[in-house]
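**Student:** give the three-dimensional model of this entry:
(chains A, B, C and D)
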Number of protein chains: 2
Amino acid sequence: MTIEKAVSLLRKFYKQQKRLPSYQEICTLFGYSSKNAAVYLVNKLIEAEILEKDDKGKLLPKKLFHIPHLGIIKAGYPSPAESSLGDSIDFYEYLLDIPGDIFSLTVHGDSMIEEGIHDGDIVIVAKDHHPRNGDIVAALVDGEWTVKYFQQKNNRVYLIPANNSYPIIEPRESLSIGGVVASVIRKYH
Amino acid sequence: MTIEKAVSLLRKFYKQQKRLPSYQEICTLFGYSSKNAAVYLVNKLIEAEILEKDDKGKLLPKKLFHIPHLGIIKAGYPSPAESSLGDSIDFYEYLLDIPGDIFSLTVHGDSMIEEGIHDGDIVIVAKDHHPRNGDIVAALVDGEWTVKYFQQKNNRVYLIPANNSYPIIEPRESLSIGGVVASVIRKYH
DNA sequence: TCATATGCTGAACAAACGTACAATAACTAT
DNA sequence: ATAGTTATTGTACGTTTGTTCAGCATATGA
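**Tutor:** Predicted coordinates for the structure are as follows:
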């Protein structure tokens, strides 16, 4: 049983069950007939930093789902993927480490295209009703939702698109800030 | 103990421990002195679809980390957040449901800006060495990494930027396709 | 060829775990 | 006021869990 195969099986189990298997379940999963074989394997995985044990001795994933981050590349001209090789990122933590309540929206249209928010992108919004100038906000203007830059001047609020062909919005009746856009997620295919 | 507070405490525990607490740990966590109080609470959470039990009776998160998806909004002009309210997304599944090996890169520069890939964005790349025309690829050109559109014509490969001020790259010596960009992730602040 | 490390089997055990049942306190609705 | 539901306590029990020890077969290296 190689580490690679073990990682693959553990990922599969974790994705289905949303938890790590017990030693007994590892036996079933890996075809062992002795629990101690599982203990042996787990120790190797702990050494490899795939798994770890918490203070109570319970098993938990360490880098099981980390994605190797190959570094920074210039999209302008080719450049060496700057160092930091061997690093890895837990995207769940990376993305959702946002304080407070969050919700998401799918964006349609191209009014924020110069900000790199395209049709079909999902934005993650942190509920925060006191945005600062320049923040990208999800706002409820006159009863309808929109995503725009937030700008406050002389006690008046302007919602500014990132696309010249759209007008700046000045809320007439009511304005409710849903929150500040914390992340943008795009998926291809 | 309200459901909201329970969810918040469970999320905190799960983030730290990467697993759900046992009934005993729920007692400590919620200040109960009887395990049965924990059972009671858990049953409510199962009814609310926050948690669920698998076929073996083990507790696992169902919608504990789902982010409410408020629907589709027009970024052009304000429009009603089209239905689908009450829906929710598991972003871990959403993002990383990519077959095969993946790795990530941080992009510098603005050569893909018209594709909405900005300086500082992270791209998730699926290792796939046979991209189709139009795919965004991470490629190793003459020993250095770059992110560009992939275009193959008459047996020649072109790497095309999404920015007019940059030239089309024709690999001279060698070209190695690292993979196809599957997602783009941006984080503000 | 012999010693050692590696990978696994099998069994034993205390602690922790989930489940169940009976009882009580607090809140709601009528 | 009273009946019923909701929220919690306390206890008991069989099962599963992680751990440990002894042993054996197969590779590995000197």
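**Student:** alongside DNA strand C, which residues does chain A contribute?
**Tutor:** A:1, A:27, A:32-37, A:40-41, A:44 (CB under 7 Å from any atom of the strand). Quick note: C-beta positions are derived from backbone N, CA and C, even for glycine.
**Student:** by neighbours, which of those residues wins?
**Tutor:** In terms of neighbours by other CB atoms under 10 Å in any protein chain shown, these top out with residue A:41 at 20 neighbours.
**Student:** re earlier: okay, and which of the residues of chain A next to DNA strand C map to helices?
**Tutor:** A:27, A:35-37, A:40-41, A:44 (DSSP state H).
**Student:** adding distance to DNA strand D and pLDDT, write those out as JSON lines.
**Tutor:** Compiled in JSON lines, those are given as follows (distance: CB to the nearest atom of the strand, whole Å; pLDDT from 0 to 100):
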{"residue": "A:27", "distance to DNA strand D": "9", "pLDDT": "94"}
{"residue": "A:35", "distance to DNA strand D": "5", "pLDDT": "92"}
{"residue": "A:36", "distance to DNA strand D": "4", "pLDDT": "93"}
{"residue": "A:37", "distance to DNA strand D": "9", "pLDDT": "93"}
{"residue": "A:40", "distance to DNA strand D": "9", "pLDDT": "93"}
{"residue": "A:41", "distance to DNA strand D": "12", "pLDDT": "93"}
{"residue": "A:44", "distance to DNA strand D": "13", "pLDDT": "92"}
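**Student:** and residue A:180, what are its phi and psi?
**Tutor:** Here is the backbone geometry of residue A:180 (degrees, to the nearest 10): phi -100, psi 130.
**Student:** and the longest helix for chain A?
**Tutor:** Identified as the longest helix of chain A according to DSSP H is helix A:3-17.
**Student:** domain assignment for chain A?
**Tutor:** Per the record, chain A has its domains at A:3-61, A:100-185, by automatic domain parsing.
**Student:** just the helices from chain A, written as ranges.
**Tutor:** Going by DSSP H, chain A shows helices at A:3-17, A:23-30, A:35-47, A:91-96.
**Student:** chain A: strands as residue ranges?
**Tutor:** With strands called from DSSP state E, chain A shows them at A:51-53, A:59-61, A:67-74, A:87-89, A:102-108, A:122-126, A:136-141, A:144-153, A:156-160, A:175-187.
**Student:** returning to what we had before: out of the ones in helices among the residues of chain A next to DNA strand C, which comes closest to chain B?
**Tutor:** Top of the list for closeness to chain B, among these and by CB to the nearest CB, is residue A:27 at 14.4 Å.
**Student:** from residue A:90, how far out is that closest one?
**Tutor:** 28 Å (CB to CB, to the nearest Å).
**Student:** again with residue A:43
**Tutor:** For residue A:43 relative to residue A:90 (CB to CB), the value is 23 Å.
**Student:** okay, those two: which has more neighbours?
**Tutor:** More crowded of residue A:43 and residue A:90, by other CB under 10 Å: residue A:90, with 17 against 11.
**Student:** what's the separation between that one and residue B:41?
**Tutor:** 29 Å.
**Student:** tell me which of the domains of chain A is the most buried.
**Tutor:** Neighbour counts (mean count of other CB atoms under 10 Å in any protein chain shown) averaged over each of these peak at domain A:100-185, with a mean of 18.
**Student:** that one near chain B at all?
**Tutor:** Yes: using CB under 8 Å from any CB of the partner chain, domain A:100-185 reaches chain B at A:102-113, A:116-119, A:121-122, A:124, A:135-136, A:138, A:141-148, A:161, A:166, A:169, A:180-185.
**Student:** what about that domain, how long is it end to end?
**Tutor:** Terminal residues of domain A:100-185 lie 19 Å apart, using CA to CA, to the nearest Å.
**Student:** from the chain's centroid, how far away is that domain?
**Tutor:** Offset of domain A:100-185 from its chain centre (CA atoms, centre = their mean, to the nearest Å): 20 Å.
**Student:** turn the ones in helices among the residues of chain A next to DNA strand C into a markdown table, including distance to residue B:9.
**Tutor:** A markdown table is the format used below for these (distance: CB to CB, whole Å):
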| residue | distance to residue B:9 |
| --- | --- |
| A:27 | 33 |
| A:35 | 33 |
| A:36 | 36 |
| A:37 | 37 |
| A:40 | 36 |
| A:41 | 33 |
| A:44 | 34 |
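**Student:** going by distance to residue A:156, which of the residues you listed wins?
**Tutor:** Taking CB to CB as the measure, residue A:156 lies nearest residue A:44 of these, at 63.7 Å.
**Student:** returning to that earlier point: weakest of the strands of chain A by average pLDDT?
**Tutor:** Mean pLDDT is lowest for strand A:67-74 among the strands of chain A, at a mean of 76.
**Student:** now it - C-alpha only, CSV.
**Tutor:** The C-alpha atoms that make up strand A:67-74 are tabulated as CSV, following Å, rounded to 0.1, in the frame of the first residue of the first chain:
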residue,chain,number,x,y,z
ILE,A,67,-3.6,21.8,-3.1
PRO,A,68,0.1,22.2,-4.0
HIS,A,69,0.7,25.9,-4.7
LEU,A,70,3.5,26.1,-7.3
GLY,A,71,4.1,29.7,-6.7
ILE,A,72,3.6,33.0,-8.5
ILE,A,73,3.8,33.3,-12.2
LYS,A,74,3.8,36.3,-14.4
